[in-house]
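[1] Return a 3D structure for these sequence lines:
(chains A and B)
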Amino acid sequence: MTSKVTSAVMRQGLRVLGVAIRAEKAVFSAAVLSSALYGVMTVASAWALGWATENVVLPAFDRGEAAAGAVTLGAALILGTALLKALGVAGRRYFAGVMQYRMQARSRRDVTRQYLRLPLAWHHRHPTGQLLSNASADAEAAWAPLAPLPMAVGVIVMLVTAAVAMLVTDPVLALVGFLIFPAIALLNLVYQRRLSPLATRAQQLRAEVSEIAHESFDGALVVKTLGREDTETARFRARAEELRDANVEVGRVRGLFDPLLEALPTLGVLAVLLVGAARLESGAITPGVLVQVAYLFTLLAFPIRALGWVLAELPRAVVGYERVQAVLDATGSMEYGAAALPSGGPARLEVRALDYAYGDFKVLHGVDLEAEPGRTVALVGPTGSGKSTLAQTFVRLVDPAAGAVLVDGTDLREVARGGISDAVALVPQQTFLFDDTVRGNVTLGLPISDADVWAALRLAQADGFVSALPSGLDTRVGERGTTLSGGQRQRLALARALARRPRLLVLDDATSSVDPQVEAKILYGLRDAAATSAAATVVVVAYRMATIALADQIVYLEHGRVADRGTHDELLERCEGYRNLVTAYEREEAEREALESDEEINA
Amino acid sequence: MSSLQGVERSALATVRHGLSLTPEFRKGLAGTLTLAVLATLGKVVVPIAVQQTVDGGLKGAVPDVPFIRTTVALCAAAVVITALCGYLMNVRLYRATEASLATLRVRGFRHVHDLSVLTQNSERRGALVSRVTGDVDQISAFMQWGGLMIIVAVGQLLVASLVMFVYSWQLALLIWACFLPLMVAMPRFQRWLSAAYTRVRERTGDMLAAVSESVVGAAVIRAYGSEARTAERLDTAIDANKAAQARTQRIVATVFPLTEIIAAIALAAVVLVGVRLGVGGGITKGELILFLFLITLFVSPMQIATEVLNEAQNAIAGWRRVLGVLDTPPDVADPGSEGVELPRGPISVSFEDVGFAYPGGPPVLREVSVDIPPRSRIAVVGETGSGKTTFAKLLTRLMDPVSGRVTVDGEDLREVRFSSLRERIVMVPQDGFLFDGTLAENVRFGRPEATDAEIALAMTELGLADWVDGLPAGLDTPVGQRGESLSAGERQLVALARAYLADPDLLLLDEATSAVDPATEVRLARALEGVTRGRTAVSIAHRLSTAEAADEVFVFEHGRIVQRGPHAELVAEPGVYADLHASWVAAAHS
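    This is a model prediction of the structure:
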């Protein structure tokens, strides 16, 4: 992780700023022009005050009067420069803000577009928390230096103007300025170099504290039921205290440099007075000039720190930008073809010599599979045999490493974008509901009539509980809505699939949280529907006998390979693994009965 | 479910209450504030130095250089001393705030674990994480910057005014008269700004929700081809957030520079009036120049009033939320050291006329009276929503009954020390949550002192050794965040091993193997029968054979136990159990 204001970070940081400047030329120009106006007017306002001192205040005190014209002009100069300066400040702040927000919004749009575009395999490789922070905190950090940037540019204009003004006024006093202001700039640089590694470390620890809290609260049931609250608190406390110490370290550096940065220009003013006294003595300057230069130093002291603010944000910005860029540069995009799948009638699914691996861990080897139109195929296999992964390839959530998935003879990779989801619907093992109404969760924005939504809910055995919800189809569910039980969520997810009348329906253990009685109703409903209009080819991943029994064909997977295929009766007959799996309960029951009868005999 | 709002307090009361909970902050606060005041005095050094130079050093025809030198030296010493005060003040402030906020964080964390909302309402967990992270960070950001700024600003105003009144009350009044309209108008500006900032916070929340949905729901979005719709929702949220931010910037850009104009008016007025006063002999020219310098000290406090507003609001809101959590009494409290310690050995439980309802909800458990004798094997059956899970939660004291009581070995569960209770009664929930780490680390969570050999032995005893051997790195296989590298069924296996290693006297399984394949499940059930021999075991059953193997079956319907007895007896009599059994059989054999 980049952490120091090194010259490399500076270069990268400036490149990041360059990207923003090129992207928002007009806004940046407006911001810089406003800020330059502010910079020049800051110097001008000191000059106006000096002029008023020289031409109004001193004559009045020394001679007991001041020319009325000078008084009016003095007041007008003070007010005029202030008005222009205020205008510059307003423009600088507004345009700097707009530029920053536009760039942030742009990054967020690009990043989320990329999330939607990248294949799911890419998502699997990146933790959810990281993806969320790429689009929120990182996009924000990347463009954070844009807020103080125009001011910093304005400050440079201000310093140059001040240098010229002082040189013109008095070269010796200017020399004091040429010593003090570079010293302030240098101190700023040292400050940021000392601070940024500490700030980065604190930032890192803050993320770790958050991770522990997230994990610990997510696992609350485990923590509670095993009585591990105290060890969890100790784990959290250790990291929270590290964070505390890191923050105190940051505070120590801030605490040292902030007063120093404030004291240095003050000492500069005192030096001006000291040197100025000697210059007055030699008659090189007038008292008005002395006041003007002293005032200028007072005005410059604070803005000059804006250079430091930009520097302070640069390392974080570089990290944020790199993280955002890593998402935008991510390859392995899912390419789409131009083919269209035929519409109407159940689809034919064919899987040829399919391999799949998570990293180096191969989970599917040479899988062949066929599902004839209108038929139901069950994928059966022990825990961890690769069934869910295989199901995901049917809707092209992931592409096989080798081999192909074909629907109606077309390789899914050849199908145009959006073409697959029109024909194939997957109901995944883990249900996801959107923060939306019941209707929105079923239709997902498609123009599906309420009558069709209800029909789908009915088929998914969800019409009962939905009509009992406070606002029926308009009830909000999901993260910020009504809490539904696991079984209810699964039934909504099933309705979502059914509402689109898919030609191929893939159920990945999609009714595991539903009561067996309700599940049976759903399955019979599906079978009856298959005989009528909503005919679909169905692939189910299941353990339950009732589900398996509905299938015309069973594909039995073991260790990522198709161990056997055929009807239930055929497999029972010849495939030992299958027999063991599906008759496990029956055999157990039989053994128990045998044991009990033994006991009775022995008794 | 309780909203965790706590008592509604005013901003000031919130701060006071918050500070009372963190004694570290108040310790030495007086000293820190004194140092802050001393540091602020540094601000008037330059104006006074200029005044002294003009009036003392430049009063004759020739500048009095030695006088100016002395003045400058004294002032430089004052600057160095006030800078030192500033340093010391900062260090003390950081130490005190960080110490107190770390305490608040840890207290909040511990307290959240005591709140049942954590286990009952999974949707709220993200918000609870913010209570101990982002919310506390906002308080610290405010205390270390915004809050300090307010103190410095007020101090600066007071010190500058004081010096002004000492030199010339007329000019002092004049300057105040110039700034007064701005001070009066400030609350109104702050209201506009605060409304605008509130809008930004809401829009940011919406945007984060939209982003989170697009990431968490990635699979569904792809499977249903709703990328375009999601992109549209994202754009709307992102643009609305940007628009709200730009709006606040417009207000800030309007209000912020006003101070510059007011300051210029004050400068011009001081020159005009000061010259008249000076001609009348009221003040010296150095004093007049002093006023010109002092006016600059009025500018930053005015600007700070708009700059720190957002932070102050965030901090107060954050504090209110953190206190809301801390003020929520744990609905299930640990009797702690006053509680009873249960002796080890087989456990008996009894439910005495127990009823339960969620606040404001209908009763979910009614008049449940039942005994679980030591070493018995109980199966709990019933439809979804019949009260099985509530029964399990009451037995493990994740919740307390609304009426009646639950006793363990004759002791009221509410009187039993948590440490003792959690050691003796362990539940394996349906969702096998795993921590990021290796498989062995997760199993060890059940008993932190367990050795690798003990963990391997536990896996073997549960018949899981073959499965472990088939994993890429055996027991050292990383399970990923929340165990996501394993399948749902595999996670349940690890969760079971974890509970088994904890060696409880009563093991409660809440559909703990529902996602495991039948052959493995049967193997596990058999292994469990062996390893739980001599212990009490309660299973919430999702299949027939569990009930058949039990000593006794409790049949739940509509929150009551409607039937109980051994399987053989229950299945023979007409009733809920016989119906359930029939549908199970149908499901298993059709």
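[2] List the buried residues for stretch B:261-278?
    In terms of neighbour count (16 or more other C-beta atoms under 10 Å in any protein chain shown), stretch B:261-278 has its buried residues at B:261-275, B:277-278. All C-beta spots, glycine's among them, are computed from the backbone N, C-alpha and C.
[3] I misspoke; the intended subject was stretch B:303-315.
    In stretch B:303-315, residues buried by neighbour count (16+ other C-beta under 10 Å) are B:303-315.
[4] okay, now B:Gln52: neighbour count?
    By other C-beta atoms under 10 Å in any protein chain shown, the residues close to B:Gln52 number 21.
[5] Report the secondary structure state of it.
    Secondary structure assignment for B:Gln52 (DSSP: H, G, I helix; E, B strand; the rest coil): helix.
[6] right, and it touches B:Glu287 too?
    No: taking contacts as C-beta atoms under 8 Å, B:Gln52 lies outside contact range of B:Glu287: 10.4 Å.
[7] Closest one of the buried residues of stretch B:303-315 to chain A?
    B:Gln303 (9.6 Å; C-beta to the nearest C-beta).
[8] What strand or helix carries the closest one?
    B:Gln303 is part of helix B:285-307 when elements are defined by DSSP states H and E.
[9] Could you check the pLDDT of B:Ala588?
    Listed pLDDT for B:Ala588 reads 60.
[10] Sorry, slip of the keys, the one I care about is A:Ala530.
    Reading off the per-residue confidence, A:Ala530 sits at a pLDDT of 62.
[11] A:Ala603 too?
    A:Ala603 carries a pLDDT value of 47.
[12] try A:Met158
    At A:Met158 the predicted local confidence, pLDDT, stands at 90.
[13] quick one: which helix or strand includes the residue of the stretch 451-590 of chain B found nearest chain A?
    The nearest approach of the stretch 451-590 of chain B to chain A comes at B:Gly489, 3.5 Å away (C-beta to the nearest C-beta). Under the assignment given by DSSP H and E, the secondary-structure element containing B:Gly489 is helix B:488-501.
[14] So which elements touch that helix?
    Judged by 3 or more C-beta pairs under 8 Å, 6 or more residues apart in numbering or on different chains; DSSP states H and E, helix B:488-501 is in contact with helix A:220-225, strand B:425-428, helix B:439-444, helix B:452-461, strand B:506-510, helix B:518-531.
[15] if we can go back for a sec, the residue of the stretch 451-590 of chain B closest to chain A: neighbour count?
    What B:Gly489 shows, counting by other C-beta under 10 Å, is a neighbour count of 21.
[16] pretty sure it is in contact with A:Thr383, am I right?
    Yes: distance between B:Gly489 and A:Thr383: 3.5 Å, which falls inside the contact criterion (C-beta under 8 Å).
[17] any common contacting residues for those two?
    Counting by C-beta atoms under 8 Å, 6 or more residues apart in numbering or on different chains, the contacts common to B:Gly489 and A:Thr383 are B:Ala515, B:Val516, B:Asp517, B:Thr520.
[18] For the stretch 451-590 of chain B, what lies in contact range of chain A?
    B:467, B:470, B:472, B:481-482, B:485-490, B:493, B:495, B:498-499, B:502, B:514-522, B:525-526, B:543-545, B:548-549, B:583-584, B:586-590 (C-beta under 8 Å from any C-beta of the partner chain).
[19] so where's the longest helix in chain B?
    Here the longest helix in chain B is taken by residue count, with DSSP state H as the criterion, and it is helix B:65-114.
[20] for chain A, same thing?
    When secondary structure is assigned using DSSP H, the longest helix within chain A turns out to be helix A:229-281.
[21] now check the helix or strand just after that one, is it near chain B?
    Next along the chain after helix A:229-281, taking DSSP H and E as the criterion, comes helix A:287-301. Yes: contact check for helix A:287-301 against chain B, using C-beta under 8 Å from any C-beta: residues in range are A:Pro287, A:Leu290, A:Val291, A:Ala294, A:Tyr295, A:Thr298, A:Leu299.
[22] Check stretch A:250-259 too.
    Yes: contact of stretch A:250-259 with chain B (C-beta under 8 Å from any C-beta) involves A:Val250, A:Gly251, A:Arg252, A:Arg254, A:Gly255, A:Leu256, A:Asp258, A:Pro259.
[23] so who does the residue of the stretch 451-590 of chain B closest to chain A touch?
    For B:Gly489, the contact set (C-beta under 8 Å, 6+ apart) comprises A:Thr383, A:Gly384, B:Thr513, B:Ala515, B:Val516, B:Asp517, B:Thr520.
[24] State the distance from the residue in the stretch 351-500 of chain A positioned nearest to chain B to A:Gly276.
    Using C-beta to the nearest C-beta, A:Ser421 is the residue of the stretch 351-500 of chain A that sits closest to chain B, at 2.9 Å. Counting by C-beta to C-beta, to the nearest Å, the gap between A:Ser421 and A:Gly276 amounts to 78 Å.
[25] again with A:Leu459
    When C-beta to C-beta is applied, the distance between A:Leu459 and A:Gly276 equals 91 Å.
[26] Which one of the two is surrounded by more residues?
    Residue environment comparison for A:Leu459 versus A:Gly276 gives the larger neighbour count to A:Gly276, 28 against 22, counting by other C-beta under 10 Å.
[27] Who's the closest spatial neighbour of the more buried one, skipping the chain neighbours?
    Excluding its sequence neighbours, the residue lying closest to A:Gly276 (C-beta to C-beta, 6 or more residues apart in numbering or on different chains) is A:Leu290, at 4.1 Å.
[28] which non-adjacent residue is nearest B:Asp137?
    For B:Asp137, the nearest residue in space outside its immediate sequence neighbours is A:Arg206; the separation is 6.7 Å by C-beta to C-beta, 6+ apart.
[29] State the helix or strand in which the one you found lies.
    When elements are assigned from DSSP H and E, A:Arg206 belongs to helix A:171-218.
[30] before we move on, what about A:Val539?
    Secondary structure from DSSP H and E places A:Val539 in strand A:537-541.
[31] for that strand, packing partners?
    Counting contacts by 3+ C-beta pairs under 8 Å, 6+ apart, strand A:537-541 is packed against strand A:376-380, helix A:387-394, strand A:504-508.
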